[in-house]
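> what's the 3D shape of this:
(chains A, B, C and D)
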Number of protein chains: 2
Amino acid sequence: MRRIAESTIRRLSLYLRFLEEFEEEGTATVSSEELAGRGATTAAQVRKDLSLFGSFGKRGMGYRVHELATKLRDILGLGRTYDVAVIGAGKVGSALAQYGGFAARGFHVRWVYDADPAKLGLAWDGLRVRDVSRMEDDLHDHGPDIAILATPGDVAQSLADRLVSLGVRAILNFAPVQLAVPADVAVKNVNMAIELETLSYALRHG
Amino acid sequence: MRRIAESTIRRLSLYLRFLEEFEEEGTATVSSEELAGRGATTAAQVRKDLSLFGSFGKRGMGYRVHELATKLRDILGLGRTYDVAVIGAGKVGSALAQYGGFAARGFHVRWVYDADPAKLGLAWDGLRVRDVSRMEDDLHDHGPDIAILATPGDVAQSLADRLVSLGVRAILNFAPVQLAVPADVAVKNVNMAIELETLSYALRHG
DNA sequence: GGATGTGAATGTCTTCACAGCT
DNA sequence: AGCTGTGAAGACATTCACATCC
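Okay, the predicted model is just below:
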């Protein structure tokens, strides 16, 4: 299949959320128009996005809500669960580790690591903070599918290297550094400073 | 000035971070090549991005690090400070309110609000959690420049409406809903579920 | 000589508009 | 008649390549 733009994937993820809302409301079918109206896009965009993966609708009818949601979950790789490790038990790490919303979508935080002795053994919802120096021992057999890096910038690259060695192929990076990883490893950067600065730019101009 | 793409603004924000690193290292000038190398882009992209705002370099020399950093801060609207209110003192809200990195870049969290009586009065770094029902009274005179919405989805829209009424024109939205706001209000959505789902898509395909 | 600044070319994404199916 | 699916057009973003200036 042709390479799909990330913006498309992000919209699919949104559409899925809207479909789940429609499902709760008991709506059986939606048009591209209705789906677009709930989000911030156009009917043509919705149809084009979906058409990249197949023909899921019926002309004159629209899309069956439950069926399309199932298709989208499949496309997005949500037909399975993912084991997640959170590296760094600071404010961001602990907020993420405790956030229940992930598990609801199949992302299960199984491990939390930190280097600070004061943090080791702390337990959130039964999840103990483990010593990051033991990471290789712990994860040698069965490691996470996805790692969330929530550490200071100066140690992020070396931790990323270790995670990649352990077979991790997807990293959600909160550290404010550009990670260097092999081409087959996916990295998503989340950087609050950038988000705030797009807002300050908008306030100044716009 | 012509409308600038958001992707450009995000890169400028990155360049600024890299320039600050170069500054700490004592580097006086950088080429577009060096700046691109630190991030994940090309020299031509760096030059094009900067050229949208002016001519900041010297041919044969490159860019003076400190001077360019100053220009970028000006472009991004970082030549001033911003008063920030965090709405929602749950895990995300408290992590954000306590995060020191914002203040370093001029974003000062001055208020934290919540509706849960159990949370009121909690103090983080001298910042007391206030009753959201008092928000209008508190902020009537002098409100925040930027609001960070970190509440459950079902109350986010009504809070956004109240914030807009108070004059807020920039919202960083962590609630998993698409906010409807007037055209002159900037909204940036941050949604961890979407980030994780782009990773699960990458794991499945790519 | 060396690196910028920038039109032109290329590539990518979005919107349009309508044929085609239900 | 209604709404999808999709080529074609248009808008936008990135890359190229080189004249220009320090």
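> and the lengthiest strand in chain A with chain B, contact?
Identified as the longest strand of chain A according to DSSP state E is strand A:107-114. Yes: using C-beta under 8 Å from any C-beta of the partner chain, strand A:107-114 reaches chain B at A:Phe107. C-betas here are computed from N, CA, C, even on glycine.
> Next, the buried residues of that strand.
Going by neighbour count (16 or more other C-beta atoms under 10 Å in any protein chain shown), the buried part of strand A:107-114 is A:107, A:109-114.
> Going by contacts, tell me the helices and strands next to that strand.
strand A:82-87, helix A:91-98, helix A:101-104, strand A:127-131, helix A:135-139 (3 or more C-beta pairs under 8 Å, 6 or more residues apart in numbering or on different chains; DSSP states H and E).
> Only alpha carbons, please: show that strand as PDB.
Only the C-alpha atoms of strand A:107-114 are listed here, as PDB (Å, rounded to 0.1, in the frame of the first residue of the first chain):
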ATOM      1  CA  PHE A 107      -2.200   0.400  25.700                       C
ATOM      2  CA  HIS A 108      -1.200  -1.300  29.000                       C
ATOM      3  CA  VAL A 109       1.600   0.300  31.100                       C
ATOM      4  CA  ARG A 110       3.400  -2.700  32.500                       C
ATOM      5  CA  TRP A 111       6.600  -1.100  33.700                       C
ATOM      6  CA  VAL A 112       7.800   2.200  35.100                       C
ATOM      7  CA  TYR A 113      11.500   2.900  35.500                       C
ATOM      8  CA  ASP A 114      13.500   5.600  37.100                       C
END
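> Could you look up the next helix or strand downstream of that strand?
Heading C-terminal from strand A:107-114, the first helix or strand you meet, by DSSP states H and E, is strand A:123-124.
> Rounded mean pLDDT for that following strand, please.
Per-residue pLDDT values over strand A:123-124 give a mean of 85.
> Determine how far it lies from the middle of the whole chain.
Averaging C-alpha positions (C-alpha atoms, centre = their mean, to the nearest Å) puts strand A:123-124 22 Å from its chain's average.
> To B:Thr29, which of the helices and strands packed on strand A:107-114 lies closest?
Across the helices and strands packed on strand A:107-114, B:Thr29 has its closest neighbour in helix A:91-98 (34.7 Å, C-beta to C-beta).
> So what's the gap between that closest one and the chain middle?
Worked out by C-alpha atoms, centre = their mean, helix A:91-98 lies 15 Å from the chain centre.
> Next: stretch A:120-139.
Using C-alpha atoms, centre = their mean, the offset of stretch A:120-139 from its chain centre is 22 Å.
> measure it end to end?
Stretch A:120-139 has an end-to-end distance of 17 Å (criterion: C-alpha to C-alpha, to the nearest Å).
> does chain B sit close to that stretch?
No: applying C-beta under 8 Å from any C-beta, one finds stretch A:120-139 separated from chain B by no less than 10.0 Å.
> What lies in contact with that stretch?
Contact with stretch A:120-139 is made by A:85, A:87, A:89, A:94, A:97-98, A:109-115, A:117, A:119, A:159, A:162, A:165-166, as judged by C-beta atoms under 8 Å, 6 or more residues apart in numbering or on different chains.
> same thing but 10 Å
Here stretch A:120-139 makes contact (C-beta atoms under 10 Å, 6 or more residues apart in numbering or on different chains) with A:83, A:85-89, A:93-95, A:97-98, A:100, A:103, A:109-119, A:143, A:147, A:151, A:155, A:159, A:162-163, A:165-168, B:91.
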